[in-house]
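Enquirer: Please work out how this folds:
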Amino acid sequence: MQNKEKNYLFLILVHLLLGVVIYAAPFVAKLYGYFILFGGVYFVVKTRNRNNEVLLAAAYIVGSEVFLRMTGGNPNHEFSKYGVILFLSMGMYYSGFSKNAVPYWIFLILLVPGIIIGTQTLNLTTVDIRKTILFNVSGPICLGFAALYCYNRKIRIEEVNNLLLVMGLPIVSCMMYLTLFTPDLKEALGGTGSNALTSGGFGPNQVATALGLGMFIFFSRIILASRTKLFFAINLFLVLNITYRGLITFSRGGMITGFVMILILLAYLYKISKYRGKVKLNYLVVLIAITMSAIWVYTESQTGGLIGKRYNNQDALGRTKKSRFTGREEIAANEINAFIANPFFGIGVAKGTEYRLEQTGDVVASHNEITRMLAEHGSLGVAMLLILFFTPIFLYLDNKQNIYLFCFLLFWLLTINHAAMRTAAPSFVYALSLLKVRFQDEEPSVHRE
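Expert: Numbering: from 1, shown residues only. Model (predicted):
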């Protein structure tokens, strides 16, 4: 066995073991969280970011976020977002940033009016204004800092693949933890709604988001980083297990997002590959389609057909549910109405929840970052969304070797539609679409036996 295979197998086994240890001794999760923070700072200071080490530190903290929240290992609920901001600020200190990253300075500045309005409009007697506003803008601020660091930063495709691996390793630990935590499905499943018992006792939406991202990461490694049969077998094993764990959370958004990313990656690789690459991709697509179909059939049998009903928007009796998005469309409509009523500067950061309480009598948090930005920032929110969406596409014109660009952009866009920016993942992954990627070879290699 070659050194690369040994190292890869070692990393996977260590993170599988970590999932077992934290399940058996929950206090280890807290130690793990602090180790990520202080170990990352030491790593960056020691290397002085000579090879973009801050991206590795940030990627690991992003991959571990949901696992740490699930197991109580986060020193702070927003630990990962602040960690990403810290690491990438250190990166800018050591390595600077592009002077052309003006769109993201504008993006950060445009957040300010909404923050000021929020301090004036929030109910002083019912909320801690500082904490509430920070909670609501930590995601956009994290995105802004990540974008400033990544904007047109040159990086090799091998380094991007390593970044994705580092992000995926804690998801492997999460997968292992879920395997041990989840009770017998006959006991856990009582319907077709999102299930906390199969999600580590935590929010299924965030867990499925992490697992969907992990599914994509190890799928991409099957295609681009499996140069031996052992690598291929390890990555396929991880994809299938992560997919199964993600499906039985019964939360659809994260898993659908992961599948869309896979389809986009395959389409892009097929487009840029030469004849031999396309032939290899054809074989791989058939093999993976068969194995993924087998996982779906297995999940259907394990859930007694409930997973199929879930994705068909049916209840356990097969009746179509009234709401396809579990009532989130009503929240989005409320926020659009708030935007129409306050089109210039919006209702202010964090005011959305209070606005819904005033309008409907319900206290419900938004899951959609797009409508939330429209409601809370008004026309400035429109400008911010246009900056975020079109800047990576503009950079693509001179950055066509970033084969993941549209995958990353779509992960951000789809995730903020069902999970807002409650985790650091959409912010950081979005920023990776801004990297200027280059290949050593003329075209990317696919799996080689």
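Enquirer: Against residue 118, how distant is residue 134?
Expert: 11 Å (CB to CB, to the nearest Å). Quick note: C-beta positions are derived from backbone N, CA and C, even for glycine.
Enquirer: Looking at the two now, which is surrounded by more residues?
Expert: In terms of neighbours (other CB atoms under 10 Å), residue 118 is the more surrounded of residue 134 and residue 118; the figures are 23 against 17.
Enquirer: ok now do that one, which residues does it touch?
Expert: By CB atoms under 8 Å, 6 or more residues apart in numbering, residue 118 lies in contact with 129, 132-133, 136, 348-351, 376.
Enquirer: Just say helix, strand or coil for it.
Expert: The three-state assignment at residue 118 reads helix, by DSSP: H, G, I helix; E, B strand; the rest coil.
Enquirer: Retrieve the pLDDT associated with it.
Expert: Note for residue 118: predicted pLDDT of 86.
Enquirer: ok, now which ones touch residue 212?
Expert: Contacts of residue 212 were listed using CB under 8 Å, 6+ apart, and they are 246, 253-259, 261.
Enquirer: where does it land on pLDDT?
Expert: On the pLDDT scale, residue 212 is placed at 97.
Enquirer: Residue 76 now?
Expert: Reported pLDDT for residue 76: 83.
Enquirer: if we can go back for a sec, between the contacts of residue 212, which is closest to residue 419?
Expert: Distance to residue 419 across the contacts of residue 212 (CB to CB) is lowest for residue 253, with 6.3 Å.
Enquirer: could I get the contacts of residue 118 as CSV with neighbour count and distance to residue 83?
Expert: As requested, the contacts of residue 118 are arranged in CSV below (neighbours: other CB atoms under 10 Å; distance: CB to CB, whole Å):
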residue, neighbour count, distance to residue 83
129, 16, 24
132, 20, 21
133, 21, 20
136, 24, 18
348, 26, 27
349, 29, 22
350, 24, 22
351, 25, 27
376, 31, 25
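Enquirer: Looking at these, which one is closest to residue 79?
Expert: Relative to residue 79, and with distances defined as CB to CB, the nearest of the contacts of residue 118 is residue 136, at 16.6 Å.
Enquirer: Give me the nearest residue to that closest one, chain neighbours excluded.
Expert: Nearest in space to residue 136, with sequence neighbours left out and distances taken as CB to CB, 6 or more residues apart in numbering, is residue 350 at 4.3 Å.
Enquirer: Check residue 380 too.
Expert: Residue nearest to residue 380 in three dimensions, not counting chain neighbours: residue 110, with 4.7 Å by CB to CB, 6+ apart.
Enquirer: What is the subsequent helix or strand relative to the helix or strand hosting the one you found?
Expert: Secondary structure here is read from DSSP states H and E; on that basis residue 110 sits in helix 102-121. Note on helix 102-121: by DSSP H and E, the next helix or strand toward the C-terminus is helix 129-150.
Enquirer: ok, the residue nearest to residue 380 touching residue 384?
Expert: Yes - with contacts counted by CB atoms under 8 Å, residue 110 reaches residue 384, the gap being 5.2 Å.
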